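A.B. asks: based on what follows, work out the 3D shape:
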Amino acid sequence: MPTDDLLLRPATDADLPAIVAVQIASRESAAMPPGIHPEHEVTAWLTARLAADDVWVAESGGAVVGYARITPGWLDDLYVLPAHAGAGVGSALLDVVKAQQPDGFCLWVFEMNTPARGFYARHGLVELERTDGDGNEEKAPDVRMAWAGADPLRFYRGLIDDVDEQLGDLLARRAALTRAVQDHKGGSTRDAEREQQIAAALAERAPALGHERLARIVHAIITESIDAATEL
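C.D. replies: Numbering: from 1, shown residues only. Take a look at the predicted model:
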């Protein structure tokens, strides 16, 4: 359907019913797991989000045909009515998101949704990581994608800083647990078989690193954690 009269504007409270309808219709036709929330729950959720987030709508012929919902550093929703798919509505909304977040942003897309992944890739987004879906409600594997903005090096370093902050917290917890377990092991003895099991489990979560690299990482973490424990 042509969208020569496309209007992009911030959403208002009056747009809520149309936004709900767009999301439900788009999800039903997309290569995504079925929605798990009934319409009244979707409405309640989007009511709260409309009040808190940056939401833009695409309007054609006086009707809302798509919308995008943005939070700092993230594109949370981008949905277009199936009848308007392929007419440039999604591209126009994505341009709005880029303009609103010039320093870059991330999004999650279901791994099975290859049309959406292709759409984002054509618009300059890259795939960063995959998960098994344990962190989403549908429990379906998903992909984190990113648009790096005007300064890609700064953007990616920012993401690395976020990971390093989490890694620091995890290493502190790992060291504390290593210290606690020493009394139950009868000293700072090593269990080579268990270390290999840990490396194998990590390799399943981080296959790009591989078992051998992760075995070396595990060995170093345990070595330094034991050394730190004996210094106390």
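A.B. asks: can I take it that residue 83 is in a strand?
C.D. replies: No. Counting by DSSP: H, G, I helix; E, B strand; the rest coil, residue 83 is not found in a strand; it is helix.
A.B. asks: and it, how many neighbours?
C.D. replies: Residue 83 has 11 neighbours, counted by other C-beta atoms under 10 Å. Every C-beta, even on glycine, is put in place using the N, C-alpha and C of the backbone.
A.B. asks: same for the longest helix along the chain, what does it pack against?
C.D. replies: Ranked by residue count, the top helix of the chain under DSSP state H comes out as helix 152-185. Identification of packing neighbours for helix 152-185 by 3 or more C-beta pairs under 8 Å, 6 or more residues apart in numbering; DSSP states H and E yields helix 210-231.
A.B. asks: put the alpha carbons of the helix it packs on into PDB.
C.D. replies: Extracted C-alpha coordinates of helix 210-231, given in PDB (Å, rounded to 0.1, in the frame of the first residue of the first chain):
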ATOM      1  CA  GLY A 210      36.200 -22.400  22.400                       C
ATOM      2  CA  HIS A 211      37.000 -24.900  25.100                       C
ATOM      3  CA  GLU A 212      40.800 -24.500  25.000                       C
ATOM      4  CA  ARG A 213      40.700 -20.700  25.500                       C
ATOM      5  CA  LEU A 214      38.100 -20.900  28.200                       C
ATOM      6  CA  ALA A 215      40.100 -23.600  30.000                       C
ATOM      7  CA  ARG A 216      43.000 -21.200  30.200                       C
ATOM      8  CA  ILE A 217      40.700 -18.500  31.400                       C
ATOM      9  CA  VAL A 218      39.200 -20.700  34.100                       C
ATOM     10  CA  HIS A 219      42.600 -21.800  35.200                       C
ATOM     11  CA  ALA A 220      43.700 -18.200  35.600                       C
ATOM     12  CA  ILE A 221      40.600 -17.200  37.500                       C
ATOM     13  CA  ILE A 222      40.900 -20.100  39.900                       C
ATOM     14  CA  THR A 223      44.600 -19.500  40.400                       C
ATOM     15  CA  GLU A 224      44.200 -15.900  41.200                       C
ATOM     16  CA  SER A 225      41.200 -16.500  43.400                       C
ATOM     17  CA  ILE A 226      43.000 -19.100  45.400                       C
ATOM     18  CA  ASP A 227      46.000 -16.800  45.700                       C
ATOM     19  CA  ALA A 228      43.800 -13.900  46.900                       C
ATOM     20  CA  ALA A 229      42.100 -16.200  49.400                       C
ATOM     21  CA  THR A 230      45.500 -17.300  51.000                       C
ATOM     22  CA  GLU A 231      46.600 -13.700  51.400                       C
END
